[in-house]
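Q: Starting from these lines, generate the structure:
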Amino acid sequence: MTFTLTLFRHAKSSWDDAVPRDFDRPLNKRGERAAITMGVWVKRNGLTFDHVVASPAVRVIETIDQFVKGTGGRMEPNWDRRIYLASSATLMDVLRDQADEHKNLLMVGHNPGLEDLVFDICPDDGSSPLRDLVWEKYPTAAIARMALNITHWADVDRKCGQLTHFIRPRDLDPELGPEDE
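A: Predicted coordinates:
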């Protein structure tokens, strides 16, 4: 059976709130809307997850809360501090620690680690035009889904996957596109 990994970058956070630590930054209104929009898309497209592992940063917690509103479902994330601002190598370590009973994993975290993880897992062999979109930019609230050619999470390594989906909020609602356009 194929393992599936879905990476969800937290939605747009607020730089206006005077919080003492980056870890504590909340979402802004646009981020809340984008997370709900992505949840609706996931539900409409029948994407499922049997396990969620996420950064415990405030903006990730709030992203998941809004995403769940869009899916109409429930999530009980496994909060893993290693995901907060992690490198691709650290994220691979987190993946390798997952139980094999979970075949469809959702990881919610931060860039540049998530973007780098896509590039590390999916070879640059021309087999996926979606990879070029990730290369262009992995914006806030974007989702990348990969089919992994592994038999155990411990086998996650470079070039073990194929990118099957890459969706950005602006693909679903132009008003959620870059603010400078």
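Q: Off-centre distance for stretch 141-149?
A: 8 Å (CA atoms, centre = their mean, to the nearest Å).
Q: for it, what is the average pLDDT?
A: In this model, stretch 141-149 carries a mean pLDDT of 97.
Q: Name the surrounding residues that touch that stretch.
A: 2-12, 31, 34-35, 37-38, 41-42, 47, 63, 114, 118, 121-122, 130, 134, 138, 156, 160-169, 176 (CB atoms under 8 Å, 6 or more residues apart in numbering). (Each C-beta comes from the backbone N, C-alpha and C, glycine too.)
Q: repeat for stretch 63-78
A: Contacts for stretch 63-78 (CB under 8 Å, 6+ apart): 8, 10-11, 27, 31-33, 35-43, 49, 51-54, 106, 108, 141.
Q: switch to 6 Å and redo it
A: Applying CB atoms under 6 Å, 6 or more residues apart in numbering, the set of residues contacting stretch 63-78 from outside is 10-11, 32, 35-36, 39-40, 42-43, 52-54, 108.
Q: now do stretch 30-50
A: In contact with stretch 30-50 (CB under 6 Å, 6+ apart) are residues 11-12, 63, 66-67, 69-71, 102, 104, 106, 141, 143, 169, 172-173, 176.
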